[in-house]
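Chemist: pasting a predicted model and its sequence here:
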Amino acid sequence: WKQQLDGMQAYKPGKPIEEVQREYGLKEVIKLASNENPFGCSPKVTAYLQNNAVNHALYPDGYAQNLRTAVANFLGVKETQLLFGNGSDDIIAIITRALLYPGVNTVMADPSFSQYWHNAEIEGAEVRKIPCMEGAHDLDAMAAAIDEQTSIVWVCSPNNPTGVVIPDTDLRAFLAKVPNDVLVVLDEAYIEYVTHPGHKDTLPLINEYPNVLLLRTFSKAYGLASFRVGYAIGQPDVIAKLDPVRAPFNNTILSQAVAAIALSDQDYIQACRDANEKGKKQYIEFCEKHNLKYFPTDTNFIFFNINADSDVVFQELMKRGFIVRSGKALGLPGFIRVTIGTESQNEALLNHLESVLKEQG
Ligand code: PMP
């Protein structure tokens, strides 16, 4: 066994709904813990699934040709600039496996998405976690942490769990400082929700800085988390280096089909984005009314300080049928992270939260 596996824990996701129903004897449980789309996926996907049979005895297309063409056309990139994964989790593992080993290091923000350091530790690489400032990446400190042994820098924008996006000027100033033999992974799992006026299209960055790799997913705004489709966009030579590390057939026939259909329904994505903006306002009003500090969010979740033990509040909300994420597990105790739900889900959660916080004094 690799020594670093001693005592290592598997990824702990938000609690499944069925488990909470069983534990607390609840009929209805609302999960606002994993930043899924509360409206589900495009109705075009649902119609496809109802009306099309697939031969599950056959292996899927390992190159995901139809989906590849659809994404390449949508983005205006070459097909050879794309790498598909079983969720972007898979891509993170592929990148890590390709580049990290004992003796090299990798730089990331803290708190940020746990899979960056988790995968790096499995490979025995040194992890350099650079504390966020007010929920934002400290890009100067991250650039300063890069040395000759640095292989990958992870930049999560908007950042999970804080929700903060990096404006274009800051991102470019950072990229200009990174040596071109260091891979910069720009994880944009929540990009469809970004409304910050300082944010610009990030696609041109891969031409200006060929060491940049963008990471996107169908799990969030596209509402297809259970199908596990994520992808990387980069220069063809970077993609060609990563492709041999990928497991064969890492997306199913169905997942390739539904991702392409979901992508074609941009009206649906726009509607979800609009609803998310309204939902965000419900939380921001609540935080301002109760004087709770929150980070400005460009995502479908919000991270705010409840000025109480976040594990206790998490438990109390669960008893009432709501699953959220306690900041304790995410590196900021006292905070909770809540997925923006439908208007009525948000209203119900905030009413319960108000009474829980009153009880907690
Ligand atoms: N990156 C970020 C920032 C995330 O929040 C998540 C999901 N929690 C992922 C990547 C992985 O998403 P998926 O594997 O479903 O594409």
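Modeler: Arrived safely, thanks for sending. Residues are numbered from 1 along each chain as shown.

Chemist: when you work out contacts or count neighbours from here on, use the C-alpha atoms and nothing else.
Modeler: OK.

Chemist: quick one: residue 66 and residue 332, what's the gap?
Modeler: As for residue 66, its distance to residue 332 is 42 Å (criterion: CA to CA, to the nearest Å).

Chemist: these two: which is more packed in?
Modeler: residue 332 (20 against 13; other CA atoms under 10 Å).

Chemist: tell me which element that one is part of?
Modeler: Element membership of residue 332, judged by DSSP states H and E, is empty: it is in no helix or strand.

Chemist: and this structure, which of its residues are near the ligand?
Modeler: With CA under 6 Å from any ligand atom as the criterion, the chain meets the ligand at residues 87-89, 113, 156, 160, 187, 189, 217, 219, 225, 228-230.

Chemist: try 8 Å
Modeler: 34-35, 86-90, 92, 112-113, 115, 156-161, 187-190, 215-220, 225-226, 228-231 (CA under 8 Å from any ligand atom).

Chemist: the chain - how does it break down into domains?
Modeler: 3-41+267-359, 51-264 (automatic domain parsing).

Chemist: where along the stretch 51-200 of the chain do the strands fall?
Modeler: For the stretch 51-200 of the chain, the strands defined by DSSP state E, counting those that start in this stretch cover 82-86, 105-110, 126-131, 150-156, 183-187.

Chemist: does anything pack onto the host helix or strand of residue 355? Which helices or strands?
Modeler: Mapping residue 355 onto the secondary structure by DSSP H and E places it in helix 343-359. Here helix 343-359 touches helix 266-289, helix 310-319, going by 3 or more CA pairs under 8 Å, 6 or more residues apart in numbering; DSSP states H and E.

Chemist: what does the last one rub up against?
Modeler: In other words, helix 310-319. 20, 24, 323-328, 333-336, 352-353, 356-357 (CA atoms under 8 Å, 6 or more residues apart in numbering).

Chemist: swap in stretch 332-351?
Modeler: For stretch 332-351, contacts defined as CA under 8 Å, 6+ apart pick out 30, 32-39, 111, 161, 275-276, 278-280, 282-283, 286, 300-310, 314, 322, 324-328.

Chemist: which of the contacts of helix 310-319 are buried? Put it as a PyMOL command.
Modeler: Typed into PyMOL, the line below selects the buried ones among those, using 16 or more other CA atoms under 10 Å:
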select buried, resi 20+323+324+325+326+327+333+334+335+336+352+353+356+357
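
Chemist: picking that back up, same list (the strands of the stretch 51-200 of the chain) but as a markdown table, adding mean pLDDT.
Modeler: Formatted as a markdown table, those follow (pLDDT from 0 to 100):
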| stretch | mean pLDDT |
| --- | --- |
| strand 82-86 | 98 |
| strand 105-110 | 98 |
| strand 126-131 | 98 |
| strand 150-156 | 98 |
| strand 183-187 | 98 |
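
Chemist: give me whichever of these is most buried.
Modeler: strand 105-110 (a mean of 26; mean count of other CA atoms under 10 Å).

Chemist: span of stretch 41-56 from start to end?
Modeler: Using CA to CA, first and last residues of stretch 41-56 are 22 Å apart.
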